[in-house]
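Here's my sequence, what's the structure:
(one chain, ligands or ions: 2)
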Amino acid sequence: PRKILIDTDPGVDDAMAIFLALASPELELLGLTTVFGNVQTDLATTNALRLLEIAGRSEIPVAQGARAPLVRPFGGPVPFIHGEDGQGNTFLPPPQKAPLGLSAAQFIIETVLAHPGEVTLVPVGPLTNLALALRLEPRLVEAVAGVVLMGGNALVPGNASPAAEANIHNDPEAADVVLGAGWKITMVGLDVTQQVLMTDAQIAALAAIPSAMARHLSRIVPFYREFARRRGNWGGIHLHDPTAILYLLHPELFTVQQWPIRVETIGVGRGKTWPNPQTGSSEEREALRPWQGRPPVGVCVGVQGEALVEIYL
Ligand code: BDR
Ligand code: CA
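Numbers count the residues shown, from 1 in each chain. Ligands and ions are numbered 1, 2, ... in the order given. I've put the predicted structure just below:
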């Protein structure tokens, strides 16, 4: 199986992604690292531990990460989307286990260097921990198998603002570092995640699966569904974070472009991921500052969403 580390801010769709990874024999989850975003970092850590306990997988380690973005203060959690507790206001009991005694960035470095070329990083929250890890250990660029992230919006509007997707909006400076690092990286952004729609009938089918993981999801998804109902009338929920895991399992169901990305860090566009889809000679492309010298990023632009939701179930 493919070794992965998930960096997460759980989060209803984060829980859905983590459980999909745990239920997939193709993947070996080596650990969870936590970050602020849907909730504050301490609660993200508590939730990561709780989710592993629900799944009966509390042997998997959890390392706590950054409590704030690299440069500007954190804008705050989103209880109206994921609940005060990040888990649909189900208020789970405290976890039995504690996180590791090292930071997310340190744990990422140690794990990747212990298995050179084998570990794929899967961040589904703000990219702060990855940027910090890169700063501490530049050899990560060569040592990872790859990075598959949920975040960004290349060709469609944002969700945290008209310009920006939430994970990138929460730390644009970190995202610009991570998307420019020169490692093998794929951006699974709103361009595709908004096309992976789990309908109400499918949510009901999920709730009927006899497992502890499905039972927990059946308790937390309705809160997230209510937010989706207020936002737009899609007839279900978008599987943002699970789509990053689905990309690992079924990349053939995605269309991917190789485009360099810059992240806007100022003004109303803060957090916007700008691709440079310019064709022509590499010299002509290079001449387009501020993309000059930026490495290509795999940008998911098309997806077979219905097939992926069936696979999820
Ligand atoms: C992303 O933002 C968070 O609310 C979700 O968990 C997901 O990672 C979607 O924009
Ligand atoms: Ca998330």
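
Which helix or which strand is home to whichever residue of the stretch 151-300 of the chain sits closest to ligand 2?
Nearest to ligand 2, among the residues of the stretch 151-300 of the chain, is D241, at 4.8 Å (CB to the ion). Bear in mind the C-beta positions are built from the backbone N, C-alpha and C, glycine included. If you go by DSSP states H and E, D241 is part of helix 240-249.

Do that helix and ligand 1 come into contact?
Yes - residues of helix 240-249 contacting ligand 1 under CB under 6 Å from any ligand atom: 240-241.

which other helices and strands contact that helix?
strand 2-8, helix 12-22, strand 27-34, strand 119-123, strand 146-150, strand 185-188, helix 190-193, helix 305-312 (3 or more CB pairs under 8 Å, 6 or more residues apart in numbering; DSSP states H and E).

and these as CSV, adding distance to ligand 1, mean pLDDT and mean neighbour count?
Formatted as CSV, these follow (distance: least, CB to the nearest ligand atom, whole Å; pLDDT from 0 to 100; neighbours: other CB atoms under 10 Å):
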stretch, distance to ligand 1, mean pLDDT, mean neighbour count
strand 2-8, 8, 99, 24
helix 12-22, 5, 98, 26
strand 27-34, 13, 99, 24
strand 119-123, 9, 99, 25
strand 146-150, 5, 99, 24
strand 185-188, 10, 98, 27
helix 190-193, 7, 98, 27
helix 305-312, 15, 98, 18
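
need the ones you listed in CSV with distance to P95, can you?
Below are the helices and strands packed on helix 240-249 laid out as CSV (distance: least, CB to CB, whole Å):
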stretch, distance to P95
strand 2-8, 15
helix 12-22, 14
strand 27-34, 12
strand 119-123, 22
strand 146-150, 24
strand 185-188, 28
helix 190-193, 28
helix 305-312, 26
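
average model confidence for the helix holding D241?
In this model, helix 240-249 has an average pLDDT of 98.

what's that helix in contact with?
The contact list for helix 240-249, computed with CB atoms under 8 Å, 6 or more residues apart in numbering, reads 2, 4, 8, 11, 13-14, 16-17, 20-21, 24, 26-27, 120, 122, 124, 148-150, 186, 188, 190, 192-193, 196, 239, 253-254, 300, 303, 308, 311-312.
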